[in-house]
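Participant: Predicted structure and sequence below. I'll ask about it afterward.
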Amino acid sequence: MDSLYLYFPVLFFVLYIISHHFLHKLQNLPPSPFPALPFIGHLYLLGKPFHRALFKVSSRYGPVVFLQFGSRPVLLVSSPSAAEECFTKNDIIFANRPDFLSGKYFGYNFTSLAWSSYGEHWRNLRRISSLEVLSSYRIQTLSSIRSDEINYLIRRLFRVSIESSENIVEMKSSIFNFTFNVISRMIAGKRYHGEKVENSKEAKLFQEISKDTLTTVPKANILDFLPFMRWCGLHSVEEKMMEVQEKRDNFMKKEIEEHRQLKTSGSFPSAEVVAGKKKTIMEVLLDLQKTDPEYYTDETIRNLMLVLLQAGSDTSAVTLEWAFSHLLDNLEILKKAQAEIDNHVGQDRLIDESDLAQLHYIRCIINETLRMHPAAPLLVPHLSSEECNVASYRVPRGTVLLVNAWGIHHDPKVWEDPEKFYPDRFIGFEGIKEGCKFIPFGSGRRGCPGENLAFHVIGLALGSLLQCFEWEKPNRGSIDMSEGTGFTLSPKVQPLLAKCSPRPNMVKLLSEI
Ligand code: HEM
């Protein structure tokens with residue numbers, strides 16, 4: 001009789017497995033790993049980096065997996081066909097964002113472009129950004145900012161390369177300063193890093209704010225899935241977020257006020273803003289405010305500015321750093337890119353953005369970098385607003401959708417030899433016509449609106465730095481390619497160091513910049 005009690009836990013366990021299995025089948029939910037633990041569900045499966053851990057889960061359970069992350073149901077998708085189903089047939093249903101704390105605090109209570117749910121407000125913000133802010137016309141109008149900024153960067157690298165005996169450059173900060181200055185000048189007509197920075201105190205403040213924002217988000221993600229952790233030592237996270245948001249908001253308030261004053265006094269913040277022809281994005285929005293003050297409130301403008309600044313600078317910088325890391329490890333590819341530039345542009349003038357359309361191999365390098373290191377490996381989380389079907393499975397309303405773009409890009413069934421950095425695979429690639437096998441910018445309604453700008457910024461920087469300099473690894477060892485973790489950004493853990501020296505035929509031109 002006593003031994004019967006010993007069998008109880010085993011019996012319970014077997015019944016649990018059977019009921020889990022049949023309940024799942026009955027509900028027609030996608031496959032789900034066993035077990036889902038009390039409170040944390042499947043969070044125990046999350047190793048670092050998240051995209052790699054989730055790729056392992058998909059390799060075992062299939063391209064569509066149903067998970068429970070703490071209190072939230074999650075659909076993990078990692079095949080081109082399932083991703084396509086989410087972003088075509090079910091696109092409107094998944095065009096929402098979950099109510100994460102980042103959206104509450106940094107997204108102005110879910111009213112920002114990146115965090116608001118699908119609806120009229122989001123459509124309006126998206127329309128303004130596509131037409132007024134990130135349109136081809138606006139990107140072209142502000143091209144002088146990008147060429148000016150690349151000149152600053154080239155000049156600095158040239159100085160380092162001739163002045164220091166070691167000519168070693170820390171690429172991460174150089175690249176970040178470049179992309180940040182590009183976006184901040186397009187938005188506010190102001191640079192915050194490097195030469196001719198008008199107000200270095202302000203620049204330092206924004207750097208602090210960005211750092212605080214990025215360090216708070218992962219802690220907030222824990223609370224997003226495990227709200228009870230508030231009572232287990234994480235109660236201060238929300239206070240910290242409020243504090244950071246206040247700083248972000250005040251920073252933008254000051255910028256807008258300054259812009260207004262300069263506008264009324266007739267003196268614009270930077271030389272390239274001439275007679276309304278090359279308006280900064282902030283000016284465009286302040287003009288719209290005059291016509292519709294109820295909609296274009298100061299808060300809406302601050303909100304949009306902060307989204308663009310954050311979404312536009314880190315992502316492009318991370319991509320450029322990865323591209324250089326691979327080029328230093330594959331010098332034959334680097335030489336091939338330089339040969340293309342020499343062939344189409346020559347060495348008598350610097351690359352101009354209008355050359356980029358001819359530089360197909362440079363585009364292949366960028367694509368290959370985005371394939372291997374999509375800046376947002378799991379895209380940005382979506383949320384289903386109603387029940388739908390994916391790959392014939394039922395997905396309940398209120399499910400968080402994670403599309404593992406990194407997983408799709410690294411799947412040997414989708415890409416041959418996926419771990420090899422091989423830009424030639426993109427020769428003749430037909431983009432969206434090939435479905436969702438390459439989705440670094442997402443797809444569908446919530447796909448990235450800054451894709452075109454990103455290719456201009458990254459293409460110009462990569463092309464110019466390859467045209468002007470010879471690049472080498474700082475030592476013989478191979479480059480550390482470890483990836484950082486996070487739901488929304490996958491930077492390189494070790495900042496890239498590179499040896500850089502001017503290409504002999506470019507020295508004259510470089511000394512004149
Ligand atoms: C290499 C560069 C970039 C990459 C890889 C990238 C990638 C992405 C991804 C994956 C998303 C989420 C898509 C989804 O929800 O499924 C996104 C959203 C977004 N991106 Fe980008 N992005 C880049 C550059 C930019 C730039 C330059 C800007 C603008 C200055 C920008 C602005 C945005 C905005 C505003 C959203 C939110 C859109 C929405 O929720 O409706 N991005 N981006």
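Facilitator: Looks like it came in fine. Numbers count the residues shown, from 1 in each chain.
Participant: So what pairs up with E483 in the strands?
Facilitator: Note on E483: beta-bridge partners K492, judged by DSSP bridges.
Participant: tell me the contacts of it?
Facilitator: By CB atoms under 8 Å, 6 or more residues apart in numbering, the contact list for E483 reads 49, 52, 373, 490-493. (C-beta placed from N, C-alpha, C; glycine too.)
Participant: swap the cut-off to 10 Å and go again
Facilitator: Contact analysis of E483 by CB atoms under 10 Å, 6 or more residues apart in numbering lists 48-49, 51-52, 318, 322, 372-373, 377, 406, 490-493.
Participant: what does K104 give?
Facilitator: By CB under 10 Å, 6+ apart, the residues touching K104 are 110, 115, 220, 224, 238, 241-242, 245.
Participant: L157 too?
Facilitator: L157 sits next to 167, 169, 171, 174, 464-465, 468-469, 498, 500-502, 510 when contact means CB under 10 Å, 6+ apart.
Participant: quick one on the thing from earlier: and the contacts of E483, which is the shakiest by pLDDT?
Facilitator: When the contacts of E483 are sorted by pLDDT, the bottom entry is S490 at 76.
Participant: looking at this, that one is in a strand?
Facilitator: No. S490: not assigned to a strand; according to DSSP: H, G, I helix; E, B strand; the rest coil it is coil.
Participant: on that earlier part again, just the buried subset of the contacts of K104, written out for PyMOL, thanks.
Facilitator: Applying 16 or more other CB atoms under 10 Å to the contacts of K104, the buried members can be selected in PyMOL as follows:
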select buried, resi 110+115+220+224+238+241+245
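Participant: From the contacts of K104, pick the one nearest R60.
Facilitator: D224 (25.0 Å; CB to CB).
Participant: Which of the three states applies to the closest one?
Facilitator: Assigned with three-state DSSP, D224 falls in the helix class.
Participant: got it, and the one 10 residues further on?
Facilitator: Judged by three-state DSSP, the three-state class of L234 is coil.
Participant: Give me the spatial nearest neighbour of it, chain neighbours excluded.
Facilitator: For L234, ignoring the flanking residues on the chain, the nearest one in space by CB to CB, 6 or more residues apart in numbering is L223 at 5.8 Å.
Participant: Kindly provide the distance from that neighbour to the ligand.
Facilitator: Per CB to the nearest ligand atom, to the nearest Å, L223 is found 21 Å from the ligand.
Participant: Contacts only, for that residue.
Facilitator: Contact analysis of L223 by CB under 10 Å, 6+ apart lists 70, 100-101, 229-230, 234-235, 237-238, 241.
Participant: Just the buried positions in the longest helix along the chain, please.
Facilitator: Determined from DSSP state H, the single longest helix within the chain is helix 298-329. Residues of helix 298-329 classed as buried by neighbour count (16+ other CB under 10 Å): 298, 300-328.
Participant: is any part of it close to the ligand?
Facilitator: Yes. Counting by CB under 6 Å from any ligand atom, the ligand has neighbours in helix 298-329: 307-308, 311-312, 315-316, 319.
Participant: helices or strands up against the helix or strand just after that helix?
Facilitator: Sequence order places helix 331-344 as the next helix or strand after helix 298-329, per DSSP states H and E. Packing partners of helix 331-344 (3 or more CB pairs under 10 Å, 6 or more residues apart in numbering; DSSP states H and E): helix 298-329, helix 360-372, helix 451-468, strand 469-472.
Participant: Just want the angle from the first one to helix 360-372.
Facilitator: This points to helix 298-329. 110 degrees (axes from the mean of the first three to the mean of the last three CA atoms, to 10 degrees).
Participant: chain center to helix 298-329: distance?
Facilitator: How far helix 298-329 lies from its chain's middle: 6 Å, per CA atoms, centre = their mean, to the nearest Å.
Participant: tell me the angle it makes with helix 451-468.
Facilitator: Angle of helix 298-329 versus helix 451-468, following the same axes, to 10 degrees, is 40 degrees.
Participant: Could you look up the SS state of L402?
Facilitator: Secondary structure state of L402, per three-state DSSP, is strand.
Participant: Test for you: state the pLDDT assigned to whichever residue of the stretch 201-350 of the chain sits closest to the ligand.
Facilitator: Going by CB to the nearest ligand atom, the ligand is nearest to G312 of the stretch 201-350 of the chain, at 2.7 Å. Listed pLDDT for G312 reads 89.
Participant: Up against the ligand, what does this structure have?
Facilitator: 113-114, 126, 134, 183, 307-308, 311-312, 315-316, 319, 374-376, 379-380, 440-442, 446-450, 453-454.
Participant: what's the burial count for whichever residue of the chain sits closest to the ligand?
Facilitator: Proximity to the ligand, evaluated over the chain using CB to the nearest ligand atom, is greatest for G450 at 2.1 Å. The number of residues packed around G450, counting by other CB atoms under 10 Å, is 21.
Participant: Please report how far it lies from S464.
Facilitator: With distances taken as CB to CB, to the nearest Å, G450 is found 20 Å from S464.
Participant: picking that back up, where helices are concerned, which of the contacts of L223 count?
Facilitator: Short answer: the contacts of L223 in helices (DSSP H) are 101, 237-238, 241.
Participant: Please pick the buried ones from the residues of the chain next to the ligand.
Facilitator: 113-114, 126, 134, 183, 307-308, 311-312, 315-316, 319, 374-376, 379-380, 440-442, 446, 448-450, 453-454.
Participant: Give me the pLDDT value at the residue of the chain closest to the ligand.
Facilitator: Residue-level pLDDT assigned to G450 equals 96.
Participant: One more: R503?
Facilitator: pLDDT, R503: 97.
Participant: State whether it and K335 are indeed in contact, as I suppose.
Facilitator: No. Counting by CB atoms under 10 Å, R503 stays clear of K335, with 11.4 Å between them.
Participant: quick one: contacts for the residue nearest in space to the middle of the chain?
Facilitator: Nearest to the geometric centre of the chain sits T315, at 3.9 Å (CA atoms, centre = their mean). Applying CB under 10 Å, 6+ apart to T315 gives the contacts 179, 370, 374-376, 440-441, 448, 450, 454, 457-458, 488-489, 491.
Participant: and Y422, what does it touch?
Facilitator: Counting by CB under 10 Å, 6+ apart, Y422 touches 326, 330, 333, 364, 368, 371-372, 415-416.
Participant: Pull out the buried residues from those residues.
Facilitator: Among the contacts of Y422, those classed as buried by 16+ other CB under 10 Å are 326, 330, 333, 364, 368, 371-372, 415.
Participant: Tell me the most packed of the contacts of E483, by neighbour count.
Facilitator: Within the contacts of E483, most neighbours by other CB under 10 Å means P377, with 28 neighbours.
Participant: and it, that's in a strand?
Facilitator: No. P377 sits outside any strand when classified using three-state DSSP, being coil.
Participant: show me where the stretch 51-200 of the chain has strands.
Facilitator: 64-69, 72-77, 168-170 (DSSP state E, counting those that start in this stretch).
Participant: for the nearest residue to E470 once chain neighbours are set aside, phi and psi?
Facilitator: Leaving out its chain neighbours, the residue that sits closest to E470 by CB to CB, 6+ apart is S501, at 5.1 Å. Backbone torsions for S501, taken as degrees, to the nearest 10, come to phi -140, psi 150.
Participant: What of the one 4 residues further on?
Facilitator: In terms of degrees, to the nearest 10, the main-chain angles of N505 are phi -70, psi -10.
Participant: That one reaches F469, doesn't it?
Facilitator: No. Contact criterion CB under 10 Å: N505 and F469 do not qualify, at 11.7 Å.
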